[in-house]
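Visitor: Could you look at this predicted model? Sequence included:
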Amino acid sequence: MPFDQDVWAATQYSETDYRDPDGFLIIDARGQNASGEHWRVLGHAFETASYDKVSTEYTGVLDKVLDSACVLPR
């Protein structure tokens with residue numbers, strides 16, 4: 001899950017909840033800090049995929065990877 005300090009420091013923040021096929025809650029949280037750097041965390045209590053301190057130039061490629069995760073919208 002996202003670090004509290006990243007959430008509180010974010011000038012932009014969004015969060016979406018999903019369920020995996022076994023019913024586990026998956027959180028997709030993303031934000032941007034005052035320096036314009038982006039971060040994102042996709043996962044649940046037992047595993048996550050994330051990036052941190054990434055410029056806008058590179059978020060598109062990284063988001064495509066994380067967006068390809070197989071989850072059902074809640």
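Guide: Looks like it arrived, so ask away. Note that the coordinates shown come from a computational prediction; the quantities given were computed from them, not determined experimentally.

Visitor: does the residue of the chain positioned farthest from its centre count as helix, strand or coil?
Guide: The C-alpha centroid of the chain is most remote from residue 22, which lies 20.3 Å away (C-alpha atoms, centre = their mean). What DSSP: H, G, I helix; E, B strand; the rest coil gives for residue 22 is coil.

Visitor: could you say what helices and strands the longest helix along the chain packs with?
Guide: Identified as the longest helix of the chain according to DSSP state H is helix 56-67. Counting by 3 or more C-beta pairs under 8 Å, 6 or more residues apart in numbering; DSSP states H and E, the packing neighbours recorded for helix 56-67 are strand 38-44, strand 47-54. For the C-beta atoms, the positions are set from N, CA and C on the backbone; glycine is no exception.

Visitor: among those, which is nearest residue 9?
Guide: Across these, the minimum distance to residue 9, taken as C-beta to C-beta, is reached by strand 38-44, at 9.6 Å.

Visitor: ok, residues contacting the closest one?
Guide: 1-2, 6, 20, 24-33, 48-56, 59, 62-63, 66, 69 (C-beta atoms under 8 Å, 6 or more residues apart in numbering).
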